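# structure for this input, please:
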Amino acid sequence: MSAVFSRLAAILFAACLLFTSQALTTPQRATAAEPGYLMVHFTGEGSTNQQMYLSHSTDGVHWNDLNGGGMVLRSTVGTRGVRDPALVRAPGGDKYWIVATDLCIGCGQSWSDSINNGSRNLVVWESTDLVTWSQPWLLNVAGAIPDGRNAWAPEAIWDPASNDYVLYWATNVPLNGATKHRIFYSHTSDFRSVTTPQTYIERPGSQEIIDTQIIEMPSGVGNYRYVRASGDGQITLEGSNSILGTWTALGNLSGIGLTGSQVEGPMWMKFNGTDKWALYLDQYATGGGYMPVLTTDPSNPAAYQKQTSGSYSMGGTKKRHGWILNLTAAEESRVLARWPNTAANRLQSYNFQDRYVRHANFDVRIDPSVSPAEDSRFRLRPGLAGSGTVSFESVNFPGYFLRHAGFDFQLVHNDGTAQFAADASFRQVAGLADTTWSSFQSYNYPDRYIRHYAYQLRLDPITTATGRSDATFRVTT
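A predicted model of the protein is given here:
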């Protein structure tokens, strides 16, 4: 009997090992009711790709682009480009911040410029609901660092020891005339002011470090409360029991063939309902974007497993250095409602059919041969004021809508007020000059319609045949 039990035990043990291996390779959602994950990221170089994009996943390894793959936030400050965002949720869940590098490669700034005389600021947005975001502002973090040349790859984590956030980033402070990026940190409670920067991580000699991200560990997993992964020539792992305490070197991922010459931008994600993690790494050397490496113990370099290309999907856009947030059900509902994959359309004039509604310096008119073409593309969102209305959100200035003020039209950032919602909402009705086209009736001035006059967009009462033609448009791709 003992031999039989021993054989059964061995079979069960082998089955458990096989199940554990399969579960790590292809993680599943713990329950169907659990919410998913939100990734904020940029997509590449140039003024359009170096903005904020969002993607969503239900299982943590298969991602879908939100907003039709279009940007969701655009920086209008500093270099007017942003990279490497961190998405910070307040401990109470009542406030959020996106903090990003102020950098626009290929749109007026070279890598040499950004390394040696780059922006010392970070770009910050704030929200109370994860969907309506403030205008961006600049936060000077590196200006007080002697000979600090830039501010890159910000991250932030709540520190219960100081009851505020530890904000950390990379700054080049040259050593013996050569570039040397170190990680600096400051304390902040609101991402509007920071304490005097202090050195956080400095590698010996000429070794640089740029990207690092910390994750807090649950009790009972590994030997440390916090683990950080850093891009410093390797993907180096370190552990500590306090954010600003002593960190212990744990090893790197060279054992699975991943070094800092191949990948960068480490980005943590914990799978819901289970002690499993993904460390996403940006394959910058080959231009491949992010790939996940899975583990059941982030503090143990030997526990990481590379994934085959067929076991994960990153969606339609390239994902570059960002941040992943485990969503609550309420957050997920709001995010998916705010950024569905609504098609981008143009509004073609009925009586000047070579002209389209476009914004130019935030004024609104109809023009032929619009350049850039994105200035004439809008997403017809469910009306901000509700009641069966529509609102026109700009594709290349997301969060900005067509709004009338004094019966003139401008492209304006949504301030979240009821007045803005009313001014930016319209009822789409049969075209006044041709019922196969469309006209747009004001929500708060129902006797007035969107029309062009001398090619400028206005909100007017319509009483003549010319007015009916001016107020008729085709919604077209």
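# alpha carbons only for contacts and neighbour counts from here, please
Noted.
# what's across from residue 198 in the sheet?
With DSSP bridges as the criterion, residue 198 is bridged to residue 185.
# next, count neighbours for it.
Neighbouring residues of residue 198 were enumerated by other Cα atoms under 10 Å; the total is 14.
# same check on residue 288?
Neighbour count of residue 288, defined by other Cα under 10 Å: 13.
# residue 438 against residue 426, yeah?
No: the pair residue 438 and residue 426 fails to qualify as a contact (Cα atoms under 8 Å) at a distance of 11.5 Å.
# gap between residue 52 and residue 71?
In this view, residue 52 and residue 71 are 6 Å apart by Cα to Cα, to the nearest Å.
# cool, and residue 128?
Using Cα to Cα, one obtains 20 Å as the distance from residue 128 to residue 71.
# so for those two, which residue has more residues nearby?
When neighbours are counted by other Cα under 10 Å, residue 128 and residue 71 differ, and residue 71 comes out ahead with 23 against 15.
# now do the contacts for that one.
By Cα atoms under 8 Å, 6 or more residues apart in numbering, residue 71 lies in contact with 48, 49, 51, 52, 53, 54, 395, 396, 398.
# ok, so of the residues you listed, who is nearest residue 269?
Of all those, the one sitting nearest residue 269 is residue 54; the distance, using Cα to Cα, is 15.3 Å.
# helix or strand: which one has residue 78?
Residue 78 belongs to no helix or strand when assigned by DSSP states H and E.
# the one 5 residues further on too?
Secondary structure from DSSP H and E places residue 83 in strand 82-89.
# let me see the domain layout of this structure.
Using automatic domain parsing, the domain parsing of the chain gives 20-338, 344-476.
# can you tell me the average pLDDT over the last one?
What that stands for is domain 344-476. pLDDT averaged over domain 344-476 equals 97, rounded to a whole number.
# now do the same end-to-end measure for that domain.
Using Cα to Cα, the span of domain 344-476 from its first residue to its last is 9 Å.
# distance between it and the chain's centre?
Centroid separation between domain 344-476 and its chain, computed with Cα atoms, centre = their mean, to the nearest Å, is 28 Å.
# so residue 294: helix, strand or coil?
When the structure is reduced to helix, strand and coil (DSSP: H, G, I helix; E, B strand; the rest coil), residue 294 reads as strand.
# returning to what we had before: convert the C-alpha atoms of the strand holding residue 83 to CSV, please.
Output in CSV follows, covering the C-alpha atoms of strand 82-89 (Å, rounded to 0.1, in the frame of the first residue of the first chain):
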residue,chain,number,x,y,z
VAL,A,82,5.5,63.4,-23.6
ARG,A,83,7.0,60.0,-23.0
ASP,A,84,7.4,57.5,-20.2
PRO,A,85,4.2,58.2,-18.2
ALA,A,86,3.5,57.1,-14.7
LEU,A,87,-0.2,56.8,-13.6
VAL,A,88,-0.6,57.5,-9.9
ARG,A,89,-3.7,56.7,-7.9
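# strand partners of it, parallel vs antiparallel please.
Strand partners for strand 82-89, identified by DSSP bridges, are recorded as strand 96-102 (antiparallel).
# and the contacts of whatever helix or strand comes next after the partner strand?
In the C-terminal direction, the helix or strand that comes right after strand 96-102 (DSSP H and E) is helix 111-117. Residues from elsewhere that reach helix 111-117, judged by Cα under 8 Å, 6+ apart: 103, 105, 149, 150, 172, 179.
# swap in stretch 121-129?
Under the contact criterion Cα under 8 Å, 6+ apart, stretch 121-129 has outside partners 75, 77-78, 82, 94-102, 133-143, 150-152, 154, 191, 331, 334.
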